[in-house]
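> Sequence first, predicted coordinates after that:
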Amino acid sequence: MKYFLSALLCSFMLLACATVHAASTPVRAAVTASPAQQAAMQLELDRLIAQFSDGIAETYSENPARIVYGNLFGDHQHDAVVLFNLEGYGGGNHHAEFIAFFTEQEQFDVADMHTRPYLLVAVTKLGERGWRSFDFNSASIKQKSVTLNGKEMTSGDAMCCPSLTITRSFGVDEFDHIIESKDGKMKRRAARP
């Protein structure tokens, strides 16, 4: 009984220490862009949707597009990841999901022309019907990559309904290629010759 009470007391002390530590550890809030930056990125999102649609496909309302800001390239705090999807290609029920990386850039004028606030670095298909699908609301940026939760197809799944829970991280390598990782560690290629 004496050992049981000692073990119980130690358990309570460990729980109390963990609770105090968790309460004292600051939670990093998501980076928020200015209204001007948000408007600029909305224009970029609209351009991407127009480019990737076949003229019939539209955004899928149950997983709306999302723009997430953070440090992805250099010292910029407001680089952006754009997540969007399109459904109804050719009038059918096929859907596809995309990810695009933008770097924040300094604005300046040259010969009466001016740069946009954001520059597209890389874009790729992220998922589609019969492969996998991601929850855009799960997106978080850390260590110059974005992490997403989703579902992937297994052999017994219907085309509409992947069931295997997955977490993937996406970043951009030095050649501006989007790279994917299952374990959160981005695999970098050798430096340019």
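Received, thanks. What you see is a predicted model, and the numbers here were worked out from it, not measured in a lab.
> lowest confidence element among the helices and strands of the protein?
helix 2-24 (a mean of 41; mean pLDDT, DSSP states H and E).
> That one: what's the following helix or strand?
Counting by DSSP states H and E, the element after helix 2-24 in chain order, helix or strand, is helix 35-52.
> Output the contacting helices and strands for that following helix.
Counting by 3 or more C-beta pairs under 8 Å, 6 or more residues apart in numbering; DSSP states H and E, the packing neighbours recorded for helix 35-52 are strand 66-70, strand 79-87, strand 95-104, strand 118-128. The C-beta positions use only the backbone N, C-alpha and C, and glycine is treated the same way.
> Report the rounded mean pLDDT for the second one.
Just to be clear, that refers to strand 79-87. Averaging pLDDT along strand 79-87 yields 97.
> ditto for stretch 137-154
95.
> Provide the contact partners of that stretch at residue level.
With C-beta atoms under 8 Å, 6 or more residues apart in numbering as the test, stretch 137-154 has contacts from 30-31, 66, 68-73, 81, 83, 99, 126-127, 130-136, 162-171, 181, 184, 186.
> just the buried members of those?
Neighbour-count burial (16 or more other C-beta atoms under 10 Å) applied to the contacts of stretch 137-154 gives 68-73, 81, 83, 99, 126-127, 132-134, 136, 162, 168-171, 186.
> ok, and the closest non-adjacent residue to Ala36?
Distances taken as C-beta to C-beta, 6 or more residues apart in numbering put Pro117 closest to Ala36, at 7.3 Å, once the chain neighbours are dropped.
> OK, contacts around that neighbour?
Taking C-beta under 8 Å, 6+ apart, one finds Ala36, Gln37, Ala40, Glu104, Gln105, Gln107 in contact with Pro117.
> roughly how far apart are it and Cys160?
Using C-beta to C-beta, to the nearest Å, Pro117 is found at 38 Å from Cys160.
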